[in-house]
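Visitor: Quick one, structure for this:
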Amino acid sequence: LPNFRQLSDANFEWLYWRQAREPFSEETKEYVLSLDPFFDASVLIRLGIPEECAMTVVITTLFLQRCVTAGMTLSEVGSMIQRQGIGEKP
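Guide: Next comes the predicted model:
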């Protein structure tokens, strides 16, 4: 689990898969919206995961929940997180 300060290095190979462009099912939407990132982060911290890494769970889960509420696909969500040009020479 990366430190939240390193999220700009995210690289999603699945970003252009056909399935990632499909809308979320109602069941998936309900599941995502039921997640409690603050509880999950507290469990991770109790297990010894660094706080900065547990914060990644909070940030990314809240972001995903907002995107799901807005009707975005997984491809659209990933495109907002992944930096353009990743893997290319600077």
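
Visitor: so where's the chain shaky on pLDDT?
Guide: For the chain, the stretches with pLDDT under 70 are 85-90.

Visitor: The nearest residue to residue 24 once chain neighbours are set aside: helix or strand, and which one exactly?
Guide: Leaving aside its sequence neighbours, residue 24 sits nearest to residue 68 (CB to CB, 6 or more residues apart in numbering; 6.0 Å). To be clear about C-beta, it is placed using only N, CA and C from the backbone, and glycine gets the same treatment. Element membership for residue 68 (DSSP states H and E) is helix 51-69.

Visitor: any idea how far that helix is from the chain center?
Guide: 6 Å (CA atoms, centre = their mean, to the nearest Å).

Visitor: Could you do stretch 48-60 as well?
Guide: 12 Å.

Visitor: Just the buried residues of that stretch, please?
Guide: 49, 53, 54, 55, 56, 57, 58, 60 (16 or more other CB atoms under 10 Å).
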